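In: With the sequence up front, the predicted model follows.
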Amino acid sequence: MSEVATSNEAGGRVPPARPARRATSGAVFVFAGMLCSRLLGLVRESLKAKYFGATEGYAADAFAQAFRIPNLMQVLLGEGVLSASLIPVYVSVREGSGERGPDPREADRVAGAIAAALALVAAGVVAIGVVAAPILVRVIAPGFVKEPDKFALTVQLTRIFFPGAGFFVLSAWCLGVLNSHRRFLLSYIAPAIWNLAMIATLLWYGRRLDLAPLAAAAAWGSLAGAALQFLVQLPTVLRVAPHLRFRPDFKHVHVRTVLRNVVPVVIGRGVLQLSATIDQVISSLLPNGMPALLFNAQTVSTLPVSLFGMALSASELPEMSSLSGTDAERAEGLRRRLIPGLRRIAYLVVPSAMALIALGDVIVKLLFQHGLFRAYDTQLTWSILAGSAVGLLAQTLSRLYSSAFYALQDTRRPLYYAITRLSLTLSLGWIFAIPVPRALGIDPHWGAAGLTATAGFAGWIEFALLRRGLERRIGAASIPMRFVAKLWAIAFGAAVVALVVKVATLGSNRYVAAAAILGSYGCCYLGGTLLAKIPEVHEVAGRFRR
């Protein structure tokens, strides 16, 4: 039975403890898998910065934009998009709800039909992408057209990356099936294999090849890693869903429900990646090196969203989808799952945002400043990170709100709100990245910070719309402003202490200095929340101990 709070006097059922424990362990497994994968991702980007640089040459820009182009297919057909449309239907059929009993065989039939349809679509898109790569590069990176060598390399890399995107889409289908069976760790640690393939390629060829051939070698390493990421999950998928039959069935009622939900979920769930893609398109119009620096900054700034927002929303989606009972019971169950999750996210993301603003240069210097990546590149990347921090909390909280909508199988409202955000991102991003710096006489390199800051503002608009729309359906489901303000105050105090340590460690080894600065920041925030008696500090610490 689902976790729903009703009174005994009304004949309600007391929610059992097991689902809560299951969701908690699920969040821990998602976090652990993502943490491993994202840390290896930082190692990958650090090596890319070392060997490609940013403002040195054009290989870094070509690699960043070429990866982003097929990544659009991954966003549109994979990632959380497929999970958010497949999991609610798959879980409801497999576990049963209302008067329907559980039907694992029928659920597997739905999953197999979706996999077959997905493979057909992905194969077609990959073929088109490889053939039409020059046209796509002109659309996604219009600023490269005037630089023939950069344009040609971007086209070459795009053709290598596209088949890998097809494997990423199939990997996302595996993730949807495994998450429905509460097998979280494998699906979220699998991307580590892709990162390891990239890391191995860069280490092997980094000192052997010039920049353009090295970029091509790294792209082939990405393709091999993408295939391995899919193949490593497939045996477990076949074991937990033994009745899979890989054949399209567009007439099946549940298959049609999943496919109908995909279209609005594409923008609703993929809004963060789509917003980042818009930023990359505009960045191609900025001076050389800015697309690469923006890509590096997005790798860092999306880390808290992935670890804290996506981890919790991914583990909660199957649980929220399995809630049953009357509308009032389901609403109460959703509120009981949402509010603690929102508080945990705020507790972890607020200090992350403050660190990007106050200590972004320390983070960038630690991760990227070596080889061809210069001190000036560090300062530019820090400005982009500070802009990203504007909407970091809103973007992360929005993940959980949108999961609640998808659990209710309402995909249209998040779609409308996401369209609003994307419209603002496109219009405001272009204005503050290009015309505003030009009008103020500012170095155009700094326009990328305007891109991320305006995207953050648009993220707050989307967050407000999601919260208001959901509260109209289930009642109050937000965290007190006083709680959030207290977290910001504690994070600000911790940042002041860290800046003092930063001054004291000037001239020290960058690793020693970073450990001292970031360590003092984390300890001060932890101590401050303990003194303020923030209950989440004990819960989060307990999870890390487990």
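Out: Structure received.
In: Outline the domain layout of the chain.
Out: Annotated domains of the chain cover 18-479, 482-546 [automatic domain parsing].
In: right, so these: which one is the most enclosed?
Out: With neighbours taken as mean count of other C-beta atoms under 10 Å, these reach their highest mean count in domain 18-479, at a mean of 21. Every C-beta, even on glycine, is put in place using the N, C-alpha and C of the backbone.
In: that older thread, mean pLDDT lowest for which of the domains of the chain?
Out: The minimum mean pLDDT among the domains of the chain belongs to domain 18-479 (a mean of 84).
In: where's that domain relative to the chain centroid, distance-wise?
Out: On the basis of C-alpha atoms, centre = their mean, to the nearest Å, domain 18-479 sits 4 Å off its chain's mean C-alpha point.
In: and Leu372, what element?
Out: Under DSSP states H and E, no helix or strand contains Leu372.
In: That one reaches Leu47, doesn't it?
Out: No. Judged on C-beta atoms under 8 Å, Leu372 makes no contact with Leu47 at a distance of 11.5 Å.
In: Just list the residues touching the residue nearest the centre of the chain, thanks.
Out: Taking C-alpha atoms, centre = their mean, the centroid of the chain lies closest to Ser306, which sits 4.6 Å from it. Applying C-beta atoms under 8 Å, 6 or more residues apart in numbering, we find Ser306 in contact with Met34, Arg38.
In: and the gap between it and Leu348?
Out: 12 Å (C-beta to C-beta, to the nearest Å).
In: three-state assignment of Asp410?
Out: coil (DSSP: H, G, I helix; E, B strand; the rest coil).
In: And for it, nearest residue in space, chain neighbours not counted?
Out: Arg473 (7.8 Å; C-beta to C-beta, 6 or more residues apart in numbering).
In: Run through the residues that contact that neighbour.
Out: Here Arg473 is in contact with Ala331, Leu408, Asp410 (C-beta under 8 Å, 6+ apart).
In: Now it: which helix or strand?
Out: helix 447-474.
In: Surely Val305 and Leu397 touch.
Out: No. Val305 lies out of contact with Leu397 (C-beta under 8 Å); the separation is 9.9 Å.
In: intersection of neighbour lists for those two?
Out: Val349.
In: surely Pro88 meets Ala407?
Out: Yes. Judged on C-beta under 8 Å, Pro88 makes contact with Ala407 at a distance of 5.9 Å.
In: Scan the protein for its longest helix.
Out: What stands out as the longest helix in the chain, according to DSSP state H, is helix 327-367.
In: so that one versus helix 447-474, what angle?
Out: 160 degrees (axes from the mean of the first three to the mean of the last three C-alpha atoms, to 10 degrees).
In: Next, the angle from the next helix or strand after helix 327-367 to helix 447-474.
Out: The helix or strand immediately downstream of helix 327-367 is helix 375-389, counting by DSSP H and E. Helix 375-389 and helix 447-474 meet at an angle of 20 degrees, taking the same axes, to 10 degrees as the criterion.
In: Extract the C-alpha trace of helix 375-389 and format it as PDB.
Out: What follows is helix 375-389 as a C-alpha-only set of coordinates in PDB (Å, rounded to 0.1, in the frame of the first residue of the first chain):
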ATOM      1  CA  ALA A 375      44.400  32.200 -15.300                       C
ATOM      2  CA  TYR A 376      42.300  34.500 -17.500                       C
ATOM      3  CA  ASP A 377      40.100  31.500 -18.500                       C
ATOM      4  CA  THR A 378      39.600  30.900 -14.700                       C
ATOM      5  CA  GLN A 379      38.300  34.400 -14.100                       C
ATOM      6  CA  LEU A 380      35.900  34.100 -17.100                       C
ATOM      7  CA  THR A 381      34.600  30.700 -15.900                       C
ATOM      8  CA  TRP A 382      34.100  32.100 -12.400                       C
ATOM      9  CA  SER A 383      31.900  34.800 -13.800                       C
ATOM     10  CA  ILE A 384      29.800  32.200 -15.600                       C
ATOM     11  CA  LEU A 385      29.500  30.100 -12.500                       C
ATOM     12  CA  ALA A 386      28.400  33.200 -10.500                       C
ATOM     13  CA  GLY A 387      25.700  33.800 -13.000                       C
ATOM     14  CA  SER A 388      24.600  30.200 -12.800                       C
ATOM     15  CA  ALA A 389      24.200  30.500  -9.000                       C
END
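In: Can you list the neighbours in contact with that helix?
Out: 49, 53-55, 289-290, 293-294, 296-298, 300-301, 353-354, 356-357, 360-361, 363-365, 368-369, 445-446, 448-456.
In: redo that, cut-off 6 Å
Out: Helix 375-389 has contacts (C-beta atoms under 6 Å, 6 or more residues apart in numbering) with 54, 293-294, 296-297, 301, 353, 356-357, 360-361, 364-365, 369, 445-446, 448-449, 452-453.
In: which strands and helices sit next to the helix or strand hosting Thr529?
Out: For Thr529, the host element (DSSP H and E) is helix 510-531. Helix 510-531 sits against helix 327-367, helix 481-504, with contacts defined as 3 or more C-beta pairs under 6 Å, 6 or more residues apart in numbering; DSSP states H and E.
In: got the angle for the longest helix of the chain vs helix 481-504?
Out: Using the same axes, to 10 degrees: helix 327-367 against helix 481-504 is 10 degrees.
In: let's have the chain start at 46 instead
Out: Noted, 46 is the first residue going forward, which turns the last one into helix 372-412.
In: Tell me the helices and strands packed up against helix 372-412.
Out: helix 356-366, helix 420-434, helix 437-452, helix 492-519, helix 526-549, helix 555-576, helix 581-590.
In: Adding distance to Ala156, write those helices out as a markdown table.
Out: Formatted as a markdown table, the helices and strands packed on helix 372-412 follow (distance: least, C-beta to C-beta, whole Å):
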| stretch | distance to Ala156 |
| --- | --- |
| helix 356-366 | 14 |
| helix 420-434 | 36 |
| helix 437-452 | 17 |
| helix 492-519 | 28 |
| helix 526-549 | 39 |
| helix 555-576 | 42 |
| helix 581-590 | 30 |
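In: closest to Leu279 out of the helices and strands packed on helix 555-576?
Out: helix 372-412 (30.8 Å; C-beta to C-beta).
In: could you check the angle helix 437-452 makes with that closest one?
Out: Using the same axes, to 10 degrees, helix 372-412 lies at 140 degrees relative to helix 437-452.
In: quick one: the strands in the stretch 96-245 of the chain?
Out: Here the stretch 96-245 of the chain has no strands by DSSP state E, counting those that start in this stretch.
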